[in-house]
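Undergrad: Below are the sequence and a predicted model; questions follow.
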Amino acid sequence: MLTGTYNGWLVVASLFVAMFASYTALDMAGRIAASQTRLASSLWLGGGSFAMGLGIWSMHFIGMLAYKLPVPMGYDIRITSLSLLIAIASSGFALWLVSQNELSWRRHGAGAVLMGSGVATMHYTGMTAMRMSPQIQYTPSLFILSILIAISASGVALWIAFHLRLHSAHVRLLRTGAAIVMGIAIAGMHYTAMAAARFPASSACGAAHAGSDQGWLAVLITISTLGCLSVTLIISVFDLRLESRTALLSTSLASANEELTYLALHDNLSKLPNRLLLEDRLHQAVQTAKRQSTRFSLMFIDLDGFKCVNDAYGHRAGDALLAEVALRILTNIRSSDTLARMAGDEFVLLTQAHDPADVAGIAEKLLAVIRRPYEIDGHDCLVTASIGISIFDDCDQHQNELLMNADAAMHHAKSLGRDCYCFFEASMNANAQRQMQLVNDLRLALERREFQLLYQPKFDALTMAMTGVEALLRWRHPERGMVPPDQFIPAAEKVGLIVPIGAWVLDEACRQMAMWRNVGWDNWTVAVNLSAVQFAHPGLTQLVAATLAHHALEPSYLVLEVTESTAMRDVNSSMAILRQLTEMGVRISIDDFGTGYSSLLYLKRFPASELKIDRGFVRDLVRDTEDAAIISAIVALGRTLNLQIVAEGVETRGQQELLTRLGCTSLQGYLLGRPVSPDLIVELAAQLPSAQLLK
């Protein structure tokens with residue numbers, strides 16, 4: 001028998017290649033398992049099979065090149081190539097097997113047998129590539145042992161690869177240790193099989209090539225294999241990093257989308273669902289109620305007095321108050337209920353409670369918690385709420401109709417005095433529709449020139465000489481006729497139309513006064529009422545100055561009437577505005593005096609020129625001595641502050657005589673003259689005995 005020897009360096013090189021190939025195989029198993037698409041999985045399976053097969057085959061071939069016989073040696077290229085293909089196929093099967101979701105013991109055992117048989121077949125096919133003559137003989141016990149080692153090593157390799165395929169903590173370190181064990185097992189199988197080979201003394205290698213150098217061939221295969229495995233690992237690492245970055249970006253994008261979705265469906269201040277999310281949940285509630293023949297309730301909650309808090313302490317305090325109100329409501333409703341913030345100080349509660357008694361109990365509870373005092377930025381605040389309730393009990397009802405009904409009931413609750421709740425009734429909806437139509441008509445009234453000014457004369461109490469007029473707004477609707485001011489002024493104030501309407505009134509009154517002055521009535525004044533909204537408008541003083549300049553009217557001809565409650569709402573701001581108007585030359589009249597809660601200290605500081613006694617004190621003046629005493633006190637106060645005193649609502653001779661005797665400066669009322677058109681004012685003035693004195 002021929003005795004062979006081993007090149008120690010090549011043995012070490014083969015062992016290193018086996019370990020490197022094992023690590024690559026473990027990494028490829030992880031890449032295949034982590035692939036998100038079928039195409040990516042297939043590409044990694046193909047590439048991993050080639051790299052792993054090449055590594056195992058190279059270890060086997062380098063180990064064979066490390067074995068030296070005392071005869072020329074060589075290897076048949078075709079048979080060697082076949083052994084490489086067997087190695088690649090076995091590797092592909094192994095990678096496919098460990099990429100499955102489960103690895104049962106039966107599948108594991110069958111896979112170990114098939115892969116071990118493939119590795120053994122690859123080895124012994126490679127040995128056949130030497131084309132020894134006579135043929136190589138094998139020691140049966142070692143031959144069987146090599147196959148058992150191949151199967152056992154394959155079983156261990158499959159188990160390790162399956163359990164280390166996913167990335168986890170210390171996975172690189174674990175794979176390195178596992179690769180060392182697998183490399184030793186693969187090398188052990190190879191060298192056991194080589195030990196089983198027996199070469200007769202007369203053996204000759206039929207594949208030997210003259211002048212071939214097996215040492216350089218081993219070096220070339222080692223370098224090529226390590227290069228191929230290294231490139232595979234580098235690609236895997238870069239792909240893993242790219243995948244990790246993509247996953248991170250995907251997570252960030254998903255988080256951003258989730259946050260955007262939350263912001264799109266929730267109110268930023270209170271974190272409650274907004275109108276969009278409420279409509280979706282209301283739609284679901286309607287569909288469920290129709291399908292299951294059940295009922296539910298909707299509550300429209302509007303805060304009373306919130307604007308005063310906002311104006312007094314600023315929007316920051318107002319926002320804090322809204323957040324606190326939302327929290328109080330949330331803590332007093334069920335988790336299955338939906339509380340949404342519609343806009344401003346409006347909230348909507350969707351609750352499964354539908355029995356009127358239960359719903360009323362919820363409403364009373366909410367009213368109680370909302371009216372409790374609040375401490376906002378060191379200030380004590382009080383607000384109440386008006387609640388409108390609509391109950392879904394008709395399968396033909398639409399969700400928008402349900403919401404409109406609750407809104408109409410809420411407005412009815414406000415009209416009843418606020419801080420209360422009301423269930424919806426059909427008449428409320430009709431009234432709400434009338435109000436909406438009124439507002440729509442108001443928006444067109446200016447454009448269609450439906451407004452007009454009537455003028456009520458004012459007289460000197462002693463001489464009965466006409467001293468001026470008060471401009472009174474009237475709306476001549478094309479279908480409703482003459483609409484009283486108390487019907488459309490509140491609506492105009494609520495929707496902000498009072499500002500452009502008030503500007504028109506000021507312009508028309510100044511234009512008419514300029515015409516009267518030009519024809520000789522130059523001792524008159526024209527009084528114009530300012531609403532609370534108009535008085536608080538930041539452009540009021542600029543508007544008055546521009547209007548007077550436009551009509552070339554001296555400011556002394558204009559009297560602006562401001563109600564006592566309006567002037568006292570924000571004293572400091574009111575004094576600043578009134579001072580600017582007074583410095584301009586405009587006269588200021590405090591209207592409805594005696595009906596508010598004036599402070600005499602502030603009244604002394606107001607730059608007013610007259611006080612106008614409310615008609616409520618004049619109505620029962622003759623019969624009620626208390627009214628006479630009040631008027632007498634107001635007159636005394638006015639004289640002390642050097643103010644003119646005007647009494648309005650004079651309708652009887654007894655009232656006229658008593659007011660004159662009490663010391664009022666001017667009188668105004670139906671007894672002396674009703675509101676009439678500008679032409680009739682001139683006719684009235686011409687008929688007065690003292691009219692010539694006014695020219």
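TA: That came in fine, so what should we check first?
Undergrad: quick one: contacts for the residue nearest to the spatial centre of the chain?
TA: The chain has L263 as the residue nearest its centroid, 1.9 Å off, counting by Cα atoms, centre = their mean. By Cβ atoms under 8 Å, 6 or more residues apart in numbering, no residues touch L263. C-betas here are computed from N, CA, C, even on glycine.
Undergrad: Surely it is in a helix?
TA: Yes: looking at L263 with DSSP: H, G, I helix; E, B strand; the rest coil, it is inside a helix.
Undergrad: Next, count neighbours for T261.
TA: 10 (other Cβ atoms under 10 Å).
Undergrad: can you pull the pLDDT of it?
TA: pLDDT for T261: 80.
Undergrad: same question, C664
TA: pLDDT, read off for C664, is 93.
Undergrad: I'd like the distance between the residue nearest to the centre of the chain and A254.
TA: Between L263 and A254 the computed distance is 15 Å (Cβ to Cβ, to the nearest Å).
Undergrad: Wait, E279 touches L402, no?
TA: No: using Cβ atoms under 8 Å, E279 is not in contact with L402; the gap is 10.9 Å.
Undergrad: So between those two, which is more surrounded?
TA: Taking other Cβ under 10 Å, E279 and L402 do not tie; L402 has more neighbours (22 against 15).
Undergrad: Chain neighbours aside, what residue packs nearest to Q656?
TA: V650 (5.4 Å; Cβ to Cβ, 6 or more residues apart in numbering).
Undergrad: On the three-state scheme, the one you found is what?
TA: From three-state DSSP, the assignment for V650 is coil.
Undergrad: Who are the contact partners of it?
TA: V650 neighbours (Cβ under 8 Å, 6+ apart): V618, Q656, L659, L667, Q668, G669, Y670, L671, L672.
Undergrad: if you look at those residues, which of them are in helices?
TA: V618, Q656, L659 (DSSP state H).
Undergrad: Now do the last one: how many residues are near it, please.
TA: If you count neighbours by other Cβ under 10 Å, L659 ends up with 27.
Undergrad: Grab the CA positions of stretch 336-356 and hand them over as PDB.
TA: Listed next in PDB are the C-alpha coordinates belonging to stretch 336-356 (Å, rounded to 0.1, in the frame of the first residue of the first chain):
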ATOM      1  CA  SER A 336     -67.700  54.200  25.700                       C
ATOM      2  CA  ASP A 337     -69.000  57.700  25.100                       C
ATOM      3  CA  THR A 338     -67.400  60.100  22.600                       C
ATOM      4  CA  LEU A 339     -66.700  63.700  23.600                       C
ATOM      5  CA  ALA A 340     -65.600  65.900  20.700                       C
ATOM      6  CA  ARG A 341     -64.700  69.600  20.400                       C
ATOM      7  CA  MET A 342     -66.400  71.200  17.500                       C
ATOM      8  CA  ALA A 343     -65.000  74.700  17.500                       C
ATOM      9  CA  GLY A 344     -64.300  77.500  20.000                       C
ATOM     10  CA  ASP A 345     -66.300  76.700  23.200                       C
ATOM     11  CA  GLU A 346     -68.600  74.100  21.600                       C
ATOM     12  CA  PHE A 347     -68.400  70.400  22.600                       C
ATOM     13  CA  VAL A 348     -70.500  67.400  21.400                       C
ATOM     14  CA  LEU A 349     -71.200  64.300  23.500                       C
ATOM     15  CA  LEU A 350     -72.300  61.100  21.800                       C
ATOM     16  CA  THR A 351     -73.700  58.700  24.400                       C
ATOM     17  CA  GLN A 352     -75.500  55.300  24.200                       C
ATOM     18  CA  ALA A 353     -77.900  56.500  26.900                       C
ATOM     19  CA  HIS A 354     -81.300  57.100  25.300                       C
ATOM     20  CA  ASP A 355     -83.900  57.100  28.100                       C
ATOM     21  CA  PRO A 356     -84.900  60.700  28.700                       C
END
